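Trainee: predicted model and sequence below, questions to follow.
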Amino acid sequence: VQLQASGGGFVQAGGSLRLSCVASPSISSFVAMSWYRQVPGEQRELVGLVTRGGITNYVDSVKGRFSIARDNAKNTVYLQMNNLKPEDTAVYYCKATEGTGVTTRPWWGQGTQVTVSS
């Protein structure tokens, strides 16, 4: 399994970015695809996820601003981030969850830096 995240960058507050995570061999094989973020010295935080069935969920701090979409044909999951705030600055990671219950296994991609200036 390989996850390749991209799309990070530098943006001013109020701006937008779209992150992409390309999974191989196929995102359809995963129960859920998630986006996390991490600030140096802090724990990695779940930003949001989309299940294989298309159900999405988000942390309260990004609701109404961020959205996750999956394109099964492209094996890609997107994180659309609008109205970005300086506190959104972090390294963003995508995660694929394989299996359920005791067979659950996470796969992580490399991070992509998002920096939001005030």
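Mentor: Ah, there it is.

Trainee: is the spatially most central residue of the chain bridged to anything, and to what?
Mentor: Geometric centre of the chain, nearest residue: W35, 2.3 Å, by CA atoms, centre = their mean. Under DSSP bridges, the beta-bridge partners of W35 are G48, C94.

Trainee: contacting residues for it?
Mentor: Counting by CB atoms under 8 Å, 6 or more residues apart in numbering, W35 touches 19, 21, 46-49, 68, 77, 79, 92-95. In short, each C-beta sits where N, CA and C put it, glycine included.

Trainee: just the buried ones among the residues you listed, please.
Mentor: 19, 21, 47-49, 68, 77, 79, 92-95 (16 or more other CB atoms under 10 Å).

Trainee: would JSON lines of those with pLDDT and distance to Q4 be doable?
Mentor: Below are the buried ones among the contacts of W35 laid out as JSON lines (pLDDT from 0 to 100; distance: CB to CB, whole Å):
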{"residue": "L19", "pLDDT": "98", "distance to Q4": "11"}
{"residue": "C21", "pLDDT": "97", "distance to Q4": "7"}
{"residue": "V47", "pLDDT": "98", "distance to Q4": "18"}
{"residue": "G48", "pLDDT": "98", "distance to Q4": "19"}
{"residue": "L49", "pLDDT": "97", "distance to Q4": "18"}
{"residue": "I68", "pLDDT": "98", "distance to Q4": "17"}
{"residue": "V77", "pLDDT": "97", "distance to Q4": "11"}
{"residue": "L79", "pLDDT": "98", "distance to Q4": "14"}
{"residue": "Y92", "pLDDT": "98", "distance to Q4": "13"}
{"residue": "Y93", "pLDDT": "98", "distance to Q4": "12"}
{"residue": "C94", "pLDDT": "97", "distance to Q4": "9"}
{"residue": "K95", "pLDDT": "97", "distance to Q4": "13"}
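
Trainee: brilliant, that's me finished.
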